[in-house]
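>>> Just the structure for this:
(4 chains)
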Protein chains: 4
Amino acid sequence: MSTTDRELRVGMVGYAFMGAAHSQAWRTVNRVYDLPARVRMAAICGRDPEKVADAADRLGWESHTTDWRELIARDDIDIVDVCTPGDSHAEITLAALAAGKHVLCEKPLANTVAEAREMTAAATTAQAAGIRSMCGFNYRRVPAVTMMQQLIAAGRLGKIRHVRAVYLQDWIVDPQFPLVWRLQKDKAGSGALGDIGAHIIDLTQFVTGQRIAGVSALTETFVKQRPLPGGSSGLAATGPADGATAATGEVTVDDAAVFVARLDGGALATYEASRFATGRKNGLRVEVNGSLGTVVFDLERLNELEFYDATLPAAEQGFTRILVTEGDHPYMSAWWPPGHIIGYEHSFTHQMRDLVEAVATGVDPAPSFADALQVQLVLDAVTRSAELGSSWTEVEPSLAAVAG
Amino acid sequence: MSTTDRELRVGMVGYAFMGAAHSQAWRTVNRVYDLPARVRMAAICGRDPEKVADAADRLGWESHTTDWRELIARDDIDIVDVCTPGDSHAEITLAALAAGKHVLCEKPLANTVAEAREMTAAATTAQAAGIRSMCGFNYRRVPAVTMMQQLIAAGRLGKIRHVRAVYLQDWIVDPQFPLVWRLQKDKAGSGALGDIGAHIIDLTQFVTGQRIAGVSALTETFVKQRPLPGGSSGLAATGPADGATAATGEVTVDDAAVFVARLDGGALATYEASRFATGRKNGLRVEVNGSLGTVVFDLERLNELEFYDATLPAAEQGFTRILVTEGDHPYMSAWWPPGHIIGYEHSFTHQMRDLVEAVATGVDPAPSFADALQVQLVLDAVTRSAELGSSWTEVEPSLAAVAG
Amino acid sequence: MSTTDRELRVGMVGYAFMGAAHSQAWRTVNRVYDLPARVRMAAICGRDPEKVADAADRLGWESHTTDWRELIARDDIDIVDVCTPGDSHAEITLAALAAGKHVLCEKPLANTVAEAREMTAAATTAQAAGIRSMCGFNYRRVPAVTMMQQLIAAGRLGKIRHVRAVYLQDWIVDPQFPLVWRLQKDKAGSGALGDIGAHIIDLTQFVTGQRIAGVSALTETFVKQRPLPGGSSGLAATGPADGATAATGEVTVDDAAVFVARLDGGALATYEASRFATGRKNGLRVEVNGSLGTVVFDLERLNELEFYDATLPAAEQGFTRILVTEGDHPYMSAWWPPGHIIGYEHSFTHQMRDLVEAVATGVDPAPSFADALQVQLVLDAVTRSAELGSSWTEVEPSLAAVAG
Amino acid sequence: MSTTDRELRVGMVGYAFMGAAHSQAWRTVNRVYDLPARVRMAAICGRDPEKVADAADRLGWESHTTDWRELIARDDIDIVDVCTPGDSHAEITLAALAAGKHVLCEKPLANTVAEAREMTAAATTAQAAGIRSMCGFNYRRVPAVTMMQQLIAAGRLGKIRHVRAVYLQDWIVDPQFPLVWRLQKDKAGSGALGDIGAHIIDLTQFVTGQRIAGVSALTETFVKQRPLPGGSSGLAATGPADGATAATGEVTVDDAAVFVARLDGGALATYEASRFATGRKNGLRVEVNGSLGTVVFDLERLNELEFYDATLPAAEQGFTRILVTEGDHPYMSAWWPPGHIIGYEHSFTHQMRDLVEAVATGVDPAPSFADALQVQLVLDAVTRSAELGSSWTEVEPSLAAVAG
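Sure thing, here's the model as predicted:
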């Protein structure tokens, strides 16, 4: 715990998977890092009164409510953490910013480009008043990913030639898996594309420092009808529901999306997001080839980074498996001795560390809403390309660029 | 050596990398397999009299010539093995078929679709006279690839959902690497696309039993001018030439090609062929996801196949690294004890085994020229899509389909 | 958080590496698991008043003291968690048991067999009064290790033939690394052997259900003199000290220990513990071969288990990399979705879960002090064998066996 | 094929597994390497007239005989290649040397130390007359193993601290596998120890440049009775015999051997050879840790070497997977382009290359019979230690040392 007495009081909206992950991070961040402020887990908000009470108790929040407007209205909340499905991101975030709260909004920023533009504009306005905004692309804070970005920024890969990125899962391969909210366009915005494709779009733009300029894309919904979930929850679990019923409904999002792209620095890239890649559970894998080297990252082995350094003597070149657990590695000096690996959840702990530090010291954290809007614009280009029979589609300029 | 006295006399045209690899296979095939005929390495042909004499001596051919027409004209040649650059495949192959020789033609079948169509038509005609033709997509005969095909054909993967295939090399990353024939369109037809992209197109169509229906593609030549090679050889080595001179010439082929595709069975696919993937030496990697399982193959570890069987109990599912060296595995009962791995060269030995068996027993070997034409049609669609700004481009029907 | 109101109040002695790891686990356990009691982190104890106050604040303990006797004397402490160096385990644990406290004692149980016997006897006496004791061999609770044990117990490996176990680290390879307490026999009892060798002894006895019957051992101290640490801390960090001075002292423990062994079920085994295995950071690797299969575990990839099932069809056998992150896997249903890995620290969270459940429901947790004594007896046999020139040395029977 | 006209005429004794492997190497060596002499595969010898005739035909030998004395007596034989079981190595080798033939003798050199000493003495005598001797520890010529030796010799690992070596197979796990000659002490000398343990003893002594000074060992025969083979062959295949009968016989060799050792340079080592390691097919794995780095080799992936260089910046250290297929790597410039892997058989091709070069240029090849005697002395020490209840047993000095 830091020596400061300054507190940052957090109110979180949402209590499902992301809520649990964020809670673990909020609970842990001051235990591991010396920070200029202490987090208080002040309030949690959810729609179901019983479940939110239980979540508050289980996850360690001091109070709970079913009304997010009430949470935002409280004077004793400094940061609003938005963990709801994408269809409510814009409304809650705009209200929170308007109320002068710092905002951490889960990815994707919004379900539409229009919403994302509005949110980015609001964040820019709020910024002038010292209000900070951040979008929750937590994988930027996996130490191996941060290291990947640092190596590239330091020129260690030379000129970037290729990016290949996949995010593969398999949790809906079974046609009997029910029609949960993540399979409904009105709630989730899109399917694999927005849910996991967004991560690899952000991650590759982050590590290369380049933007995706245009795409040719294909999307597919392999299973078009699914059983309705037995339960009433809009925040259903990610595993198959036991109470699947005979009634079925239409899957209105993509099961998979693939696209080729050009980055604005000249690299060729391929992307794939799928929930139908049997055997791949959390298979985010990114490889970047440059004229001087290559880096490879695999989220299922998130403590490792493979680095090929083509400047070494030819006979000694190879892919070096770096165990990113040394004190010299990003975020790791506060953790365990070398070789003692950390888990998925600490990408959030690191995110909270950087957010707390940014808010407390008065700087803007990254990724900004503008960064997230850029992801949204790529998602939009992918969707449009797919709708137009995989025709080449340029990514629209963001607000900032338009303003410029 | 088989107990038969029947001989098949081979004449090979070309003596560079492919010539050496084919020679090793011809030399070995009867030593390992019991076959209905014995191979005689009768003659080798190449343009440079001194080099071809040396090659004959080194590689074990009984005679040599600089005139491929002379070789084809000989009565004592049964099989013509065409290992030259792609620009001469059509002429030599058509002449050989016309002369009643069985033909093994290296991939890609030709430099243009028109040539490939003509060759396929000639092969069909010759077939009626008992003349056999085969295109040298040798990777089909890597035991792990054959096993992959067998697993899919047996339904072990269920419905195919995704194919992702890359063939990555890095031998021209250095801008000082010279302008060898493989970088010249008039000789090589295309660059990474035709040279190595052709392999993954054939391999994935082979293992899935499906054809690529359409593509959206990007190609790129990252380094547009390169030093002219110091030497005069049109068959330059694959390593950087020592005698690179100050004069430069234009690279007229692609350094890299990426495309998304739909297979005619409904799967989404991504493909990438590149000579700029630093650290990847012979990085052919193919993954196929089906509704019941997944297979993964990596040419740099060609004795292994990864198989994910989603019909096993959930807690025991995983990627099984099968060492494809058991007597039960394709082609392997004739080799060493389990775990004693074989090398790249024996994909050719297995190819020669199947060709000898087909010729001796009077059946048509695979891949046929029609199969190779299908690859050519995909290459053509990729090229056209890239030229049209990555627009969606359907793969033309082959002759057979047109005829139908 | 569980719905119960029952509290278990924990007092922890020690605040270094193990103290931090245990704290994270105590803090997390009720947030993840439904348990019949809630943990209160009541008090922490350490020798340095300033440091222990800081640790209490940082790690989240309600109170702090420099006197462990005072902590034990408190009525409002239910469980004493002993995280000190091995030379004080016996004294603190015996006092805690005498005071009627449940005890969790870090491994190794003690620095000598005599102490371990006394502690085991005390635990047996306390047990009659409903007082629970557990030794902190936390790696038993890595889900992949638990699964390994379950597979073997279910007969999936058949008759056990071989065990090979290594625990390799490299943090003292540099001869300038200072003489910290872990390198001093009076404090640490032994070196690599007791610190990390103890883990693989317990782990292999746990997963096989067999005891080590006898050993032939070699130990070595490669670097016999090291700089004295600059600081005064007896609980120095595991990294090289900045303030290393010119004065040196004698390393009085082993740097490495290797031994061959027979298990009482007939298997042959090899063991190695070293702090001089350059590049191995936390390299605990265990392989067990049985007549029907093999399992392999590697702590640097602790979310994975390799399983070879020799009852599958021959052509499909191989090492299956199971990602032990499914709801069906031990301890994992409470965590994240499949493929979202957990870190080293949660071996402790799982340990606390089982301890809380055992105490709350009135059953004895494992590993018991008797289990830990068995490890101590093996350590003793290894030490004696090494002293007697690697002669064969049988492991002494434990108290229980003697009593029997 | 070299430009020289000098021929070296080889006579091989034995035609089973080793005979086939050696034949492939003799056939290939001049096709790949420029050498100062050409090999003629002059004669093959075996006990069964029909089988040896068939082997000559299949494997490509010009003549055949059932009498090895006749083969040795021929004037037109320069090199005798001894591929028989170990019980006849001494007799054939001594006769060949006496007849002035160069000798390549398969490992292990002999079944007893006495024989090995006599053979080494004879080789020393013959050497004075320009007769060369070599023992067939072919794994020294796996390029990755040669590279390992070169890295260590160049000081890249610093002071050697640890060696851990295993050679694991599983071909007799099934108790119904028949009692082939490799399981009979009078023919094979020993079991796993001499067959595969010999390889890791030689390999580790070769790469470290150090000798094993003493050992403590355990051996075990897990399955003591096995079915007699149906066939009459003394050179039975390594796979289970189809004609296993009801009658059983005693297994008189070890199934597995494990030992700890000290190298004369101060390193600690562990060794294990087993035919009961389910799932391990040809699992030779060696790791050497030094003060500056580590190397790891795995025969099932023989084209790869893992190298950890502890002199790189701390944050970039890791195990580098070097694909040992570059022109700069030992033996590889004559093979395929980078990344095109070679197989097990070419360890023999490389062995023949070095032998031909040594004989043709008049130098002594390695490993010498003295090197092989050193391995024999270690095998003997292991056997004696195991017989004496795993007591510490020093390796006897070799003849040379005694002479000194």
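>>> Let me see the ranges of the helices in chain A.
Per DSSP state H, chain A carries helices over the ranges A:17-32, A:49-59, A:68-73, A:89-98, A:113-128, A:143-153, A:185-188, A:192, A:198-208, A:346-361, A:369-387, A:399-403.
>>> Can you name the residues of the stretch 251-400 of chain A that neighbour chain C?
Counting by CB under 8 Å from any CB of the partner chain, the residues of the stretch 251-400 of chain A close to chain C are A:280-283, A:299-303, A:323, A:325, A:327, A:336-346. (C-beta placed from N, C-alpha, C; glycine too.)
>>> which residues does the residue at the greatest distance from the centre of chain A contact?
The C-alpha centroid of chain A is most remote from A:A315, which lies 39.5 Å away (CA atoms, centre = their mean). The contact partners of A:A315, by CB atoms under 8 Å, 6 or more residues apart in numbering or on different chains, come to D:147, D:322, D:326, D:328-329.
>>> Can you turn the buried subset of those into a selection I can paste into ChimeraX?
Selection command for ChimeraX covering only the buried members of the contacts of A:A315, criterion 16 or more other CB atoms under 10 Å in any protein chain shown:
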select /D:147,322,326,329
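>>> so where do the strands sit in the stretch 201-350 of chain A?
Along the stretch 201-350 of chain A, counting by DSSP state E, counting those that start in this stretch, strands occupy A:212-220, A:225-227, A:248-250, A:256-263, A:268-274, A:283-290, A:293-298, A:304-309, A:319-323.
>>> Make TSV out of those and add distance to B:H350.
TSV is the format used below for the strands of the stretch 201-350 of chain A (distance: least, CB to CB, whole Å):
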stretch	distance to B:H350
strand A:212-220	35
strand A:225-227	44
strand A:248-250	48
strand A:256-263	33
strand A:268-274	31
strand A:283-290	31
strand A:293-298	31
strand A:304-309	31
strand A:319-323	29
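>>> Count the residues that sit near the residue of the stretch 301-404 of chain A found nearest chain C.
Residue nearest to chain C within the stretch 301-404 of chain A (CB to the nearest CB): A:G339, separated by 2.7 Å. By other CB atoms under 10 Å in any protein chain shown, the residues close to A:G339 number 21.
>>> Do I have it right that it meets C:R301?
No: with contact defined as CB atoms under 8 Å, A:G339 and C:R301 do not form a contacting pair (10.7 Å).
>>> that older thread, got the contact list for the residue of the stretch 301-404 of chain A closest to chain C?
A:323, A:325, C:169, C:280-283, C:299-300.
>>> Could I get the phi/psi values of it?
phi 90, psi -10 (degrees, to the nearest 10).
>>> so how far is C:M148 from it?
When distance is defined by CB to CB, to the nearest Å, A:G339 is 20 Å away from C:M148.
>>> What separation do you get for the residue farthest from the centre of chain A and D:D354?
20 Å.
>>> And for A:A256?
Taking CB to CB, one finds A:A256 at 54 Å from D:D354.
>>> the more surrounded of these two?
Using other CB under 10 Å as the criterion, A:A256 and D:D354 rank with A:A256 on top: 26 against 19.
>>> which one is A:G19 nearest to, not counting chain neighbours?
Distances taken as CB to CB, 6 or more residues apart in numbering or on different chains put A:C83 closest to A:G19, at 4.8 Å, once the chain neighbours are dropped.
>>> Next up, the contacts around the one you found.
A:C83 neighbours (CB under 8 Å, 6+ apart): A:12-16, A:18-19, A:22, A:106.
>>> do that again at 10 Å, thanks
A:12-23, A:44-46, A:89, A:92, A:104-106, A:136, A:235 (CB atoms under 10 Å, 6 or more residues apart in numbering or on different chains).
>>> Next, count neighbours for A:L151.
Neighbour tally, A:L151, other CB under 10 Å: 21.
>>> where are the low-confidence patches of the stretch 301-404 of chain A?
Of all residues in the stretch 301-404 of chain A, those with pLDDT under 70 make up the ranges A:399-404.
>>> Taking it, what residue is nearest to chain B?
A:Y308 (3.4 Å).
>>> Of all the strands of the stretch 201-350 of chain A, which one is nearest chain D?
So among these, strand A:319-323 is nearest, using CB to the nearest CB, at 3.9 Å.
>>> just to revisit the earlier point, for the contacts of A:G339, pick the one with the most neighbours.
C:R280 (27 neighbours).
>>> who touches the residue nearest to that one when sequence neighbours are not counted in this structure?
In space, and not counting its chain neighbours, C:R280 is closest to C:L168: 3.5 Å by CB to CB, 6+ apart. Counting by CB under 10 Å, 6+ apart, C:L168 makes contact with A:339, C:192, C:196, C:256, C:272-285, C:299-300, D:162, D:164, D:287, D:289, D:294.
>>> number of nearby residues for A:A129?
A:A129, neighbours per other CB under 10 Å, totals 8.
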